[in-house]
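A.B. asks: With the input below, show me the fold.
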Amino acid sequence: MIPRRRVLGAPLLGLAAHLAPRAVWAQSAPKTLRFIPQADLRSIDPIWTTAYVTRNFGYLVFDTLFALDKDLKPQPQMVDGWTASGDKLSHKFTLRDGLKWHDGQPVRAADCVASIARWAKRDPFGQKMAEAVGSMTADNDKSFTIALKAPFPLLLEALGKLSSNVPFMMPERLAKTDAFQQIPEAVGSGPFKFVKEEWVPGNKAVFVKNADYVPRKEPPSLAAGGKVAKVDRVEWVYIPDTATAAAALSAGEADWYEQPPQDILPAFASNKDIKVAITDPFGSIGVLRFNHLLPPFDNPKMREAVLNLVDQKDYMHAVAGDEKYWKACAAIFVCNTPLASDAGADALVKGPNLDKAKALIKEAGYKGERIVLLSATDQPIVQNQALVTTEALRKAGLNVDMQTMDWGTLITRRASKEPIDKGGWNLFHTWTAAPDMLSPAVNNPLRSSGDKAWFGWPNAPKLEELIDAWFKAPDATAQKKIADDIQVEAYTNEVPYVPTGQFVIPTAYRKNLEGIIIAPVAFLWNVEKT
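C.D. replies: All right, here's what the predicted structure looks like:
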């Protein structure tokens, strides 16, 4: 194998000619946007999985009732208008004119009711909303009513949730699919249509402009406003080898490389046609996730032991390199935000304590059982975290089996609850956009509702009671106090996951692209090639 740094020293055009598959990078019209996504598209169901590559797919194909603007405020998207009763228990929503599914059928209120119901079965924010809902009914084809059993002040924020799981609207026939089974096809009402016939998993996904889409008239703002498709065709081409991907961008065979790893960025410095930029204003949080169902991490002492082995600086140097791109952050709810705190986070703030970790491991009764850590070699953020974890756990005497695969396989395998000898797992790494962690309403890894919880399935009634109390808090001061209590409970008793640091991810694109939206998601509307 040629070391990556030596490959990057080669003339990039020659490298592209040698390595990039020419059939993939076919010559295309200027109205084609060629995009290298962060991962391979394996699932087309953004309700079934929280994987960001599928979320991004969802934003191209589907649409939402509401969407968050740059101030993280919900704005109408598919909705034209809405009213609430004086007691805030009845909310009526009317759809915009001209909404059509990609198969030509009109979008109906019944479609939206079924879509909300399916989303609420999988998403923790949706589950909390559903607890307050008495009924959802289609009044006619254009309007529906949500009747609440108790006030739920965050109703619009829930319906406009920015990131995984996003409450995308689907035709009723798809939305009635069991929430724990994947939809068989992707028929949305969004600005692009998915060309299923050209989808080659492991290689390519194609989207074409939806000529029937009627954008809102407001300018784009984060996920809100007008979604104007300014290219006729979008080609996602998955290139797992990062040097090859960099070469394709440098040679003009790709227009946008979503997440180039840090050690690739110097290759773009001398290319006047490429811009490296930070387009995510919020950043991301690294995550080390436990499987709470299987030994040894069904034992909270073992999870606490791992917490005492984590040095966020090691993770962030591995993930983001230059310190201008990262910082250590012990806050469950993201540093420098209203709910940020160090409460209960002594283990992360003070740094690793190997002696304490070994004592906890002994107390837990660990006997050298194999620990399966899933990693993805095509995701440097995941792989680099996994390498740091493997070294730290082995130093503490744990028997770590790091199993590597591609990200598409990992996000499928992490859904398994089988034992280790039948393909199960104990640990995996991922990262989460900061807006997905800002509060108990959206922090999926924090939720501890057993089988309803995110992959890893923690079951912590006290933590759930505190989260429920946060939703019912009368004001921001009370919410902040409860958020601190939640963090103390999470770190001192439960440890549902371990944050490994806060960082930003640069993106790279050809300078002839205009209109890229500043957002934590790579939205491809409003982007044009000049």
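A.B. asks: low-scoring stretches of this structure, by residue?
C.D. replies: By pLDDT under 70, the weakly predicted segments of the chain are 1-30.
A.B. asks: Tell me the residue in it that is farthest from the middle.
C.D. replies: Ranking residues of the chain by C-alpha distance from their mean position (Cα atoms, centre = their mean) puts residue 86 at the top, at 36.1 Å.
A.B. asks: mind listing what that one touches?
C.D. replies: Not one residue lies near residue 86 by Cβ atoms under 8 Å, 6 or more residues apart in numbering. Yep, even glycine has a C-beta here, placed from its N, CA and C like the rest.
A.B. asks: element containing it, please.
C.D. replies: Assessed by DSSP states H and E, residue 86 sits outside every helix and strand.
A.B. asks: measure it to residue 148 for me?
C.D. replies: 13 Å (Cβ to Cβ, to the nearest Å).
A.B. asks: try residue 439
C.D. replies: On the measure of Cβ to Cβ, residue 439 and residue 148 end up 20 Å apart.
A.B. asks: Over to residue 431?
C.D. replies: In this view, residue 431 and residue 148 are 34 Å apart by Cβ to Cβ.
A.B. asks: how about the strands in the stretch 301-450 of the chain?
C.D. replies: Here the stretch 301-450 of the chain has its strands, by DSSP state E, counting those that start in this stretch, at 326-327, 370-376, 399-405, 427-433.
A.B. asks: Wasn't residue 236 part of a helix?
C.D. replies: No - assignment of residue 236 by DSSP: H, G, I helix; E, B strand; the rest coil gives strand, placing it outside any helix.
A.B. asks: helices or strands next to the longest helix along the chain in the packing?
C.D. replies: Identified as the longest helix of the chain according to DSSP state H is helix 380-395. Under the contact criterion of 3 or more Cβ pairs under 8 Å, 6 or more residues apart in numbering; DSSP states H and E, helix 380-395 touches strand 284-290, helix 312-320, strand 370-376, strand 399-405, strand 427-433.
A.B. asks: Provide the contact partners of the third one at residue level.
C.D. replies: Residues from elsewhere that reach strand 370-376 (Cβ under 8 Å, 6+ apart): 39, 296, 382-383, 386-387, 389-390, 393, 398-407, 409-410, 413-414, 420, 424-429.
A.B. asks: now it: how far from the chain's centre is it?
C.D. replies: In terms of Cα atoms, centre = their mean, to the nearest Å, the centre of strand 370-376 is found 21 Å from the chain centre.
A.B. asks: How about stretch 62-69?
C.D. replies: 16 Å.
A.B. asks: Quick one: residues in contact with it.
C.D. replies: Under the criterion Cβ under 8 Å, 6+ apart, residues 46, 74-79, 93, 99, 112, 116, 156-157, 159-162, 166-170, 186, 188-191, 221-225, 227, 435 lie in contact with stretch 62-69.
A.B. asks: and if you look at stretch 110-123?
C.D. replies: Under Cβ under 8 Å, 6+ apart, the answer for stretch 110-123 is 47-48, 65, 78, 93, 95, 101, 126-127, 129-130, 133, 136-138, 141, 144, 146, 159, 161, 165, 167-172, 175-177, 179-180, 444.
A.B. asks: Can you flag the buried ones in these?
C.D. replies: Among the contacts of stretch 110-123, those classed as buried by 16 or more other Cβ atoms under 10 Å are 47-48, 65, 78, 93, 95, 101, 126-127, 129-130, 133, 136, 138, 144, 146, 159, 161, 165, 167-172, 175, 177, 179, 444.
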